[in-house]
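1. Sequence first, then the predicted structure, then my questions.
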Amino acid sequence: MSQKLKVLFVASEAAPLVKTGGLADVAFALPRALNAQGHDVRVAIPCYGSIPEAYRGDLRGTCFVNVDSRTQFGAWRESHLPGTNVKAYLVEHEGYFNRPHPYFQNGNEYGDNLERFCFFCMGVLDSVAQTGWRPDIVHCNDWHTAVVPAYLKTRLAEHPFWKGVASLLTIHNIRYQGRYSAGLLPKTGLDPSLFTPECLEFYGDINLLKAGIKFASKINTVSRTYAREIQTPAYGHGLDGFLRTRRADLVGIVNGVDYEAWDPASDPHVPVKFFLDDLSGKRQCKELLQREQGLPGCEAPLFVMVSRLVWDKGLDLVTNALDRLLLEDLQLVILGTGDPHYERTLECWTARAPDKIRVILAHDEALAHRLYAAADFFLMPSLTEPCGLSQMYALRYGAVPIVRKTGGLADTVVDASPANIMKGTATGIVFRPPSAEALVRGVFRALRLYAEPEVLKKVRHAGMSADFSWERASRAYVDLYRKAMADS
């Protein structure tokens, strides 16, 4: 039997303790999946003021952080991720973390975010050392925790507890890099000699993500295609050249889906359950949704989009394509919020074509589940998409995704070409150019597919059978952990 690993998973958020985005779901699901395989995984996050008291666990000790010629004091708590056996360490500091939101106030980033998260990273390392539990590897996530590999390789390189411990840095979205004024360097706790273009310096500023890329034993991102994309000027946000220096240590692993929460056969939000071999309930879900949204009950294919209404999700493509798409015999339901410009534009289209389009400007988890269950096709024309989960939800619910070939979309959706349909591997419709015209052509392909029920059934069946479970993803992470340990 392979050696069971001890993994410290460090992140700025973890569901359901605190969640602002997809990272929180990963920080819950991946440790749980690893734990189910027998690995000892423990999660560390800041103890934000928004975390309910019942989830904060027990106060275990004080942590000491020496930075900027002074010692900062905090505390650490021991708890569990709710509903699991996964231990959670919460680093507490009244001034830094007792705030209503993890990162922002009134839409603006907290001015001391660099200081807050550097304190958190040093506090985690001090606190865990006090437990006596020594991890084999520290798994860090995004810029908020990217200085941990730097600490391990510099200020803690000869530390009796931390010496030789491997690290992995996962980049969930390279747009967010932790870039701050060079004048804040003393607050990072890193030696000034590291402020060079080969390490921490980035166009005269500090770049915390860059430090993690420099020092992590291995680096990964959340899809194979995105791992390649971020090494190009178009997607690398200024770090492409630096990433290419670590290309041998950079891999992509697609995130997983929680199939307990996303299963049309048991989903409590789905009004009529359906199964891989019996899709009759899906047809009823469509009829019920048409009635709920005041759309005509008809045989026209139902297209759905569940998304933030922002530029990088392809909203320009959608809004510029609507004048052509709504001439066809189809229905479209869009759920989400975002840029007021897109919200107004979509509302105007609803007024112009009330029998064909509905826009719900809200975040409604239950409705999202019903939309996946009802949809014939799912639109996801993202301009950039590191991984994406929506297309994997759609596959599971028999909603054939129409996606642009980028990032995780390219890795999870197999185009319904004649050859792939013949092989039984086709799961969706993939287009490449980031244009409204290409999206329109993709929708026209969907209309032709809808006109061939047996072929559509075959594509749906392949999509619903696809395995994007966290069990699959977690095994890939274990392999990467072992490689990182071997190289440390």
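-> Structure received.
2. now stretch 141-148, how far from the centre of its chain.
-> What separates the centre of stretch 141-148 from the centre of its chain is 15 Å, taken as Cα atoms, centre = their mean, to the nearest Å.
3. end to end, how far does it reach?
-> One end of stretch 141-148 to the other measures 10 Å (Cα to Cα, to the nearest Å).
4. ok, residues contacting that stretch?
-> Identification of contacts with stretch 141-148 by Cβ atoms under 8 Å, 6 or more residues apart in numbering yields 9-12, 23, 26-27, 117-118, 120-121, 124-125, 138, 140, 167, 169-173, 176-178, 188-190, 208-213, 216. From N, CA and C alone the C-beta is placed, and that goes for glycine too.
5. Any chance of a PyMOL selection covering the buried ones in those residues?
-> To isolate the buried ones among those in PyMOL, judged by 16 or more other Cβ atoms under 10 Å, type:
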select buried, resi 9+10+11+12+23+26+27+117+118+120+121+124+125+138+140+167+169+170+171+172+173+177+178+188+189+190+208+209+210+211+212+213+216
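6. Identify the residue nearest the residue sitting furthest away from the middle of the chain in space, chain neighbours excluded?
-> Largest separation from the mean C-alpha position in the chain: residue 69, at 37.0 Å (Cα atoms, centre = their mean). Using Cβ to Cβ, 6 or more residues apart in numbering and skipping residues adjacent in sequence, the residue nearest residue 69 is residue 186, 7.5 Å away.
7. pretty sure that neighbour is touching residue 68, no?
-> Yes - using Cβ atoms under 8 Å, residue 186 is in contact with residue 68, at 4.4 Å.
8. For the residue farthest from the centre of the chain, give me the backbone phi and psi.
-> With angles defined as degrees, to the nearest 10, residue 69 sits at phi 60, psi 20.
9. Against residue 189, how distant is it?
-> Going from residue 69 to residue 189 by Cβ to Cβ, to the nearest Å gives 11 Å.
10. Could you do residue 269 as well?
-> Taking Cβ to Cβ as the measure, residue 269 falls 46 Å from residue 189.
11. wait, what's in contact with residue 203?
-> By Cβ under 8 Å, 6+ apart, the contact set of residue 203 is residue 238.
12. right, I mislabeled it, should have said residue 3
-> Taking Cβ under 8 Å, 6+ apart, we find residue 3 in contact with no residue.
13. partner strands of the one helix or strand in the chain whose mean pLDDT sits lowest, parallel or antiparallel?
-> Scoring the helices and strands of the chain by mean pLDDT, DSSP states H and E places strand 104-105 at the bottom, with a mean of 91. Strand 104-105 has the following strand partners under DSSP bridges: strand 108-109 (antiparallel).
14. Relative to the whole chain's centre, how far out is the next helix or strand along the chain from the partner strand?
-> For strand 108-109, the succeeding helix or strand toward the C-terminus, using DSSP states H and E, is helix 113-131. On the basis of Cα atoms, centre = their mean, helix 113-131 sits 23 Å off its chain's mean C-alpha point.
15. Equivalent analysis for stretch 309-325, please.
-> Relative to its parent chain, stretch 309-325 has a centroid offset of 22 Å by Cα atoms, centre = their mean.
16. same check, this time on stretch 281-297
-> That offset, for stretch 281-297, works out to 30 Å (Cα atoms, centre = their mean).
17. what does that stretch rub up against?
-> Residues from elsewhere that reach stretch 281-297 (Cβ under 8 Å, 6+ apart): 264, 270-275, 298, 302, 331, 333, 354-356, 358, 360, 370-371, 373-376, 397-398.
18. rerun that using 6 Å as the cut-off
-> With contact meaning Cβ atoms under 6 Å, 6 or more residues apart in numbering, stretch 281-297 is reached by 271-274, 302, 331, 355, 358, 370, 373-374, 398.
19. What of stretch 154-174?
-> Contacts made with stretch 154-174 from outside it, assessed by Cβ under 6 Å, 6+ apart, are listed as 23, 129, 137-142, 146, 149, 152, 212, 216-222, 230, 237, 386, 484-485, 488.
20. tell me the mean pLDDT over that stretch?
-> Average pLDDT, stretch 154-174: 97.
21. any weak-confidence spans in the stretch 1-150 of the chain?
-> Counting by pLDDT under 70, the stretch 1-150 of the chain has low-confidence residues at 1.
22. how about the strands in it?
-> 6-10, 40-46, 58-67, 70-80, 87-92, 104-105, 108-109, 137-141 (DSSP state E, counting those that start in this stretch).
23. Can you read off the pLDDT for the nearest residue to residue 36 once chain neighbours are set aside?
-> The shortest distance from residue 36 to any non-neighbouring residue, by Cβ to Cβ, 6+ apart, is to residue 471 (7.5 Å). As predicted, residue 471 sits at a pLDDT of 95.
24. Dump the C-alpha coordinates for the helix or strand containing residue 471 into PDB.
-> Element membership of residue 471, judged by DSSP H and E, is helix 470-487. Output of helix 470-487 as PDB, limited to C-alpha atoms (Å, rounded to 0.1, in the frame of the first residue of the first chain):
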ATOM      1  CA  TRP A 470     -13.200  14.900  -6.900                       C
ATOM      2  CA  GLU A 471     -12.000  11.300  -6.400                       C
ATOM      3  CA  ARG A 472     -10.400  11.400  -9.800                       C
ATOM      4  CA  ALA A 473      -9.000  14.900  -9.300                       C
ATOM      5  CA  SER A 474      -7.600  14.100  -5.800                       C
ATOM      6  CA  ARG A 475      -5.700  11.100  -7.100                       C
ATOM      7  CA  ALA A 476      -4.000  13.400  -9.600                       C
ATOM      8  CA  TYR A 477      -3.100  15.700  -6.700                       C
ATOM      9  CA  VAL A 478      -1.600  12.800  -4.700                       C
ATOM     10  CA  ASP A 479       0.700  12.000  -7.700                       C
ATOM     11  CA  LEU A 480       1.800  15.600  -7.900                       C
ATOM     12  CA  TYR A 481       2.400  15.800  -4.100                       C
ATOM     13  CA  ARG A 482       4.700  12.800  -4.400                       C
ATOM     14  CA  LYS A 483       6.600  14.400  -7.200                       C
ATOM     15  CA  ALA A 484       7.000  17.600  -5.300                       C
ATOM     16  CA  MET A 485       8.300  15.700  -2.300                       C
ATOM     17  CA  ALA A 486      10.800  13.800  -4.400                       C
ATOM     18  CA  ASP A 487      12.200  17.100  -5.700                       C
END
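25. shift numbering so it begins at 503
-> Sure, I'll start numbering at 503, so the last one becomes helix 972-989.
26. Can you give the contact residues for it?
-> Here helix 972-989 makes contact (Cβ under 6 Å, 6+ apart) with 507, 531-532, 535-536, 638-639, 668, 670, 719-720, 755, 758.
27. That one vs strand 639-643, what angle?
-> Angle of helix 972-989 versus strand 639-643, following axes from the mean of the first three to the mean of the last three Cα atoms, to 10 degrees, is 120 degrees.
28. Buried residues of helix 972-989, list them for me.
-> Under 16+ other Cβ under 10 Å, the buried positions of helix 972-989 are 972, 975-976, 979-980, 982-987.
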